[in-house]
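# Got a predicted structure plus its sequence, pasted below:
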Amino acid sequence: MQETDQLNGRFRAVAPETGRNITRLLINRAEYKLDVTKVVGSCRAYLKMGSLSCDREGVTGEVLKLNCIKSHPCSVTTDS
């Protein structure tokens, strides 16, 4: 996808455990989420706050924004 190619220069993600560059992996996941969003005909997405891959300011948020999909923050809580 041409739109997401420009993300390669703006984002760089490294796995803390291994130091491996996972930028392309996150962009591929974001593109998949975009494809699903288009298939179901959605014009908005709820993304987990604070996640490098899913946050509105993260890779998925940017990919969706580039494709005119509105994203909204969603805090995830777990019951203990």
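Great, that's in hand.

# Pull out the buried positions in the longest helix along the chain.
For the chain, the longest helix by residue count, based on DSSP state H, is helix 23-39. Neighbour-count burial for helix 23-39, counted by 16 or more other Cβ atoms under 10 Å, picks out 23, 26-27, 29-31, 33-34, 37. C-beta here means a position set from N, CA and C on the backbone, and glycine is covered the same way.

# which one of those residues is nearest H72?
T37 (12.9 Å; Cβ to Cβ).

# what about the longest helix of the chain, average pLDDT?
Helix 23-39 carries an average pLDDT of 89.

# Ok, stretch 58-69 next?
85.

# what about L47, distance to V36?
Note on L47: its distance to V36, by Cβ to Cβ, to the nearest Å, is 13 Å.

# Now do stretch 32-42: everything it contacts.
With contacts defined as Cβ atoms under 8 Å, 6 or more residues apart in numbering, stretch 32-42 is touched by 1, 45, 60, 63-64, 67, 69.

# Could you export it as CSV, CA atoms only?
The C-alpha atoms that make up stretch 32-42 are tabulated as CSV, following Å, rounded to 0.1, in the frame of the first residue of the first chain:
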residue,chain,number,x,y,z
TYR,A,32,-4.7,-6.1,7.7
LYS,A,33,-6.8,-4.2,10.3
LEU,A,34,-7.5,-1.6,7.6
ASP,A,35,-8.6,-4.3,5.2
VAL,A,36,-11.0,-5.8,7.7
THR,A,37,-12.4,-2.3,8.5
LYS,A,38,-13.1,-1.8,4.8
VAL,A,39,-14.6,-5.3,4.3
VAL,A,40,-17.1,-4.7,7.1
GLY,A,41,-17.8,-1.2,5.9
SER,A,42,-16.8,0.6,9.0
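
# I am finished for the moment; much appreciated.
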